[in-house]
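Participant: Need coordinates for the below:
(chains A and B)
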Amino acid sequence: MALIQIAEPGQSTTAHQHRLAVGIDLGTTNSLVATVRSGEVDTLPDADGSHLLPSVVHYAGNEILVGSAALQHSVSDPLNTIVSVKRLMGRGIDDINTDDAHHLYEFAETDSSVPRIKTRAGNVSAIEVSAEILKTLKRRAENALGDELTGAVITVPAYFDDAQRQATKDAARLADIKVLRLLNEPTAAAVAYGLDSGNEGVIAVYDLGGGTFDISILRLNKGVFEVLATGGNSSLGGDDFDHEIALWLSAEAGIDDLRDPAVKRAIMQQARSAKEALAEHESVDIDLDVAGTRWQGAIDREKLKELLLPLVKKTLMSCRRALRDAEVENQDISEVVMVGGSTRVLIVREMVAEFFECELLTGIDPDKVVATGAALQADVLAGNKPDDEMLLLDVIPLSLGIETMGGLVEKIIHRNTAIPVAKAQDFTTYKDGQTAMAVHVLQGERELVSDCRSLARFELRGFPPQVAGAARIRVTFQVDADGLLIVSAREENSGVEASVDVKPSYGLSDNEIETMLRDSIEHAEDDMHSRSLREQQVEAERVLEALDSALAVDADQLLSAEEKEKIADARQRLVEVKSGADIDSIESGIKQLEAACEDYVARRMNSNIRSAMAGHSIDEYSDSTENVDAES
Amino acid sequence: MAITLTEPAAERIKSFLDNRGKGVGLRLGVKTMGCSGMSYVLEFVDEINPEDEVFEDAGVKVIVDKKSLVYLDGTELDYTREGLNEGFKFNNPKEKAACGCGESFTV
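Facilitator: Model (predicted):
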């Protein structure tokens, strides 16, 4: 007969009412699955009793191995053994190629921008590889729980952009897992430490995993917590620690050619075990035997500290920035939650404690803490607990906006806005008779389109031709609880609509988000200058456009040859300065042209009114006033 | 009239109650639901109601309401592991048939 778990009072499920929900930590190095049973949350082990599933997939001839079984092949058959696939999620081929030597796979030439890795079993995308890991976890959960899953909460780094979040959801769908919610990893960690237990204050979550670093600043208040700010580096983690140690090892051992994937992996593995051993011991002996070279030596904590110091400092820079975003000081932080296997490294703990000047929370196994929080959240979302037990507020990591004339970015949702959120802004047309508008969705902090990430493009077509500036186009940005974006545009006068779910363009810029943020601060002044320059240039073009279309209509009737020449001179001067970089001269060029046209504009207006009124009496106008108003 | 607990079951219940941090004991019950008539209920107890019977076995309070007791009398509650799955099992002498999945039963 079925085995039964203890429920909270009054919360027993009826027979066949399945509410098995799990939390999945889909990590760069290791993945875990956890669930709540009999009021207790725990990670689920596999048949051998091991909780961590190495995030490694090996494509053998006719079968696919996942986890430790796959890991065994990582040295002997690196091209068919995919490790750290999370780094490839939602990335374009260009990003990966520039991402130095971390990736050792051969990529197939395809038309699509989604990179596919060549393996013995055909070409596979990062999404398919991740789905294999998820399938294994799903199988493990169903074996352990004796039933089918209702759904899962899957965690992602806070810094995952829309493309990466969508890729994670796609992988879950491929593995036939219903995603209850994507949860930011630091948020999950905070949940695991029981924030609903009535703590108050500001805490930091320092998450240094295998491949990503995240820092989150959370405020706890009466059991509710709010994410004040997030920051981090999506390409920094334990892998990089191993990499640093491996570089030192190979230099010591006199191996200078790391291009052979098998050699590199072997050294990386040595580096990793040395790093792990140093958490327990003052010094460890190393016996390296690879590619015909044998080296015996030792590494101590001092050396490790020296090697890793620059990397740890990098994480602290992100911490400082997150504190600034959250508008809090180091001293305001009451607790720091340590997450991720790499926080076992002593130098990390020392430096983080020193930086925040407070105690670190390390009570829950740092590898399991994220999955634990995800499981608690899944339990709530599956309806096994009263809904009011937990309220999570997340923020968007980078501002979202659209491109406007002149290649400028108009931000619609600013970074660190709590989600879910919807915001709308009105835009208008630039040219007379314009019937379509291109909407280009961008992510980033900079002022110019070229410095931000392009997420999507779509066109709003078929609204009626109107005078420039008369159309009212409302662009709405909606970000759901998973951080996924839907952009819609609607021309209000005609009701024409278009929208796009951000199926983000995978060709993302290789700039790391951290760099993007730093740039936006460093280039603040340049950006301001380029923005006002572009604005003046756009204004100049608009003035010229309007003048030319007016001249084409009635220049001959209204202007003498002399006046025409005067206007043409002023027009020419503006054309000459407008492509330059001097904001003031463009501005004065516009002013001079407007001054030269003053009489012409006045005459045009009179002549328009005269022709409109010809053959009508004043009485007719007073009657029709109402109609005119109603139409406008 | 009695309900008993096996040693492993008592140990698990004590540790679950300790971790939960509150609760006086464990409720056993039946509900008329499921594909074969009845299904078992297993819940933590924060408050004992007047219509409840309280048994104590191996240091654990087992609470059963009088209506459920007629179906559960003589039951031994066990904690077992089946493959990767672990949980509680009702060894109920009154149980005559269970549905295929074992989640509901008839007396």
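
Participant: Let me know the secondary structure of the spatially most central residue of chain B.
Facilitator: With distances taken as CA atoms, centre = their mean, residue B:28 lies nearest the centre of chain B, 3.6 Å away. Applying DSSP: H, G, I helix; E, B strand; the rest coil to residue B:28 yields a three-state assignment of strand.

Participant: beta partners for the closest residue to it other than its chain neighbours?
Facilitator: Nearest in space to residue B:28, with sequence neighbours left out and distances taken as CB to CB, 6 or more residues apart in numbering or on different chains, is residue B:64 at 5.1 Å. The C-beta positions use only the backbone N, C-alpha and C, and glycine is treated the same way. On the basis of DSSP bridges, residue B:64 takes part in beta bridges with residue B:28, residue B:53.

Participant: What count of nearby residues applies to residue B:64?
Facilitator: Applying the criterion other CB atoms under 10 Å in any protein chain shown, we find 25 residues in the vicinity of residue B:64.

Participant: Repeat that for the one 10 residues further on.
Facilitator: In terms of burial, residue B:74 registers 12 neighbours under the definition other CB under 10 Å.

Participant: next one: residue B:19
Facilitator: 11.

Participant: Which helix or which strand is home to it?
Facilitator: Per DSSP states H and E: residue B:19 is located in helix B:7-20.

Participant: can you pull the buried residues of that helix?
Facilitator: By neighbour count, with 16 or more other CB atoms under 10 Å in any protein chain shown as the criterion, the buried positions of helix B:7-20 are B:9, B:10, B:12, B:13, B:16, B:17.

Participant: next one: stretch A:477-494
Facilitator: Using 16+ other CB under 10 Å as the burial criterion, the residues of stretch A:477-494 that qualify are A:477, A:478, A:479, A:482, A:483, A:484, A:485, A:487, A:488, A:489, A:490, A:491.

Participant: what stretches of chain B score poorly on pLDDT?
Facilitator: B:1, B:32-37, B:97-107 (pLDDT under 70).

Participant: Where do the strands of it begin and end?
Facilitator: Secondary structure of chain B (DSSP state E): strands at B:4-5, B:25-31, B:38-45, B:52-57, B:60-65, B:76-82, B:85-91, B:97-98, B:104-106.

Participant: Identify whichever of these lies nearest to residue A:23.
Facilitator: Ranking these by proximity to residue A:23 (CB to CB) places strand B:85-91 first, at 17.9 Å.

Participant: follow-up on the earlier one: contacts with chain A among the buried residues of helix B:7-20, please.
Facilitator: When those are checked against chain A using CB under 8 Å from any CB of the partner chain, the ones in range are B:12, B:13, B:16.

Participant: what's around residue A:9, how many residues?
Facilitator: Look at residue A:9: counted by other CB under 10 Å, it has 12 neighbours.

Participant: ends of stretch B:45-54, how far apart?
Facilitator: Taking CA to CA, to the nearest Å, the first and last residues of stretch B:45-54 lie 11 Å apart.

Participant: Spell out for me which residue occupies the centre of chain A.
Facilitator: Mean-position check on chain A, CA atoms, centre = their mean. Result residue A:161 at 1.7 Å.

Participant: Quick one: residues contacting the nearest residue to it once chain neighbours are set aside.
Facilitator: The shortest distance from residue A:161 to any residue other than its chain neighbours is 6.3 Å, reached at residue A:443 (CB to CB, 6+ apart). Residues near residue A:443 by CB atoms under 8 Å, 6 or more residues apart in numbering or on different chains: A:161, A:162, A:398, A:399, A:400, A:401, A:452, A:453, A:455.

Participant: Report pLDDT for the first one.
Facilitator: We note a pLDDT of 76 for residue A:161 in this prediction.

Participant: any idea how far chain B is from it?
Facilitator: When CB to the nearest CB, to the nearest Å is applied, the distance between residue A:161 and chain B equals 36 Å.

Participant: does that residue really touch residue A:90, like I thought?
Facilitator: Yes: between residue A:161 and residue A:90 there is a contact under CB atoms under 8 Å: 7.0 Å.

Participant: Run through the residues that contact the residue nearest to residue B:28.
Facilitator: Contacts of residue B:64 were listed using CB under 8 Å, 6+ apart, and they are B:3, B:27, B:28, B:29, B:52, B:53, B:55, B:72.

Participant: Work out for me the element residue A:62 sits within.
Facilitator: Take DSSP H and E as the rule and residue A:62 turns out to sit in neither a helix nor a strand.

Participant: Can you give me the pLDDT of it?
Facilitator: Per-residue confidence for residue A:62 comes out at a pLDDT of 80.

Participant: for it, phi and psi?
Facilitator: phi -120, psi 10 (degrees, to the nearest 10).

Participant: quick revisit: the strands of chain B: which one's closest to residue A:191?
Facilitator: Residue A:191 sits nearest to strand B:38-45 of all these, at 21.0 Å, using CB to CB.

Participant: Now do the closest one: which elements does it pack against?
Facilitator: Here strand B:38-45 is seen to pack against helix B:7-20, strand B:25-31, strand B:104-106 when contacts are counted using 3 or more CB pairs under 8 Å, 6 or more residues apart in numbering or on different chains; DSSP states H and E.

Participant: Do I have it right that residue A:61 meets residue A:119?
Facilitator: No: counting by CB under 8 Å, residue A:119 is not a contact partner of residue A:61; they are 10.8 Å apart.

Participant: And these two? Which one has more around it.
Facilitator: It is residue A:119, of residue A:61 and residue A:119, that has more neighbours when counted by other CB under 10 Å, with 22 against 7.

Participant: Next up, the contacts around the nearest residue to residue A:496 once chain neighbours are set aside.
Facilitator: If you skip the residues right next to it in sequence, residue A:496 has residue A:463 as its closest partner in space, 4.4 Å away by CB to CB, 6+ apart. For residue A:463, the contact set (CB under 8 Å, 6+ apart) comprises A:435, A:436, A:471, A:473, A:491, A:493, A:494, A:496.
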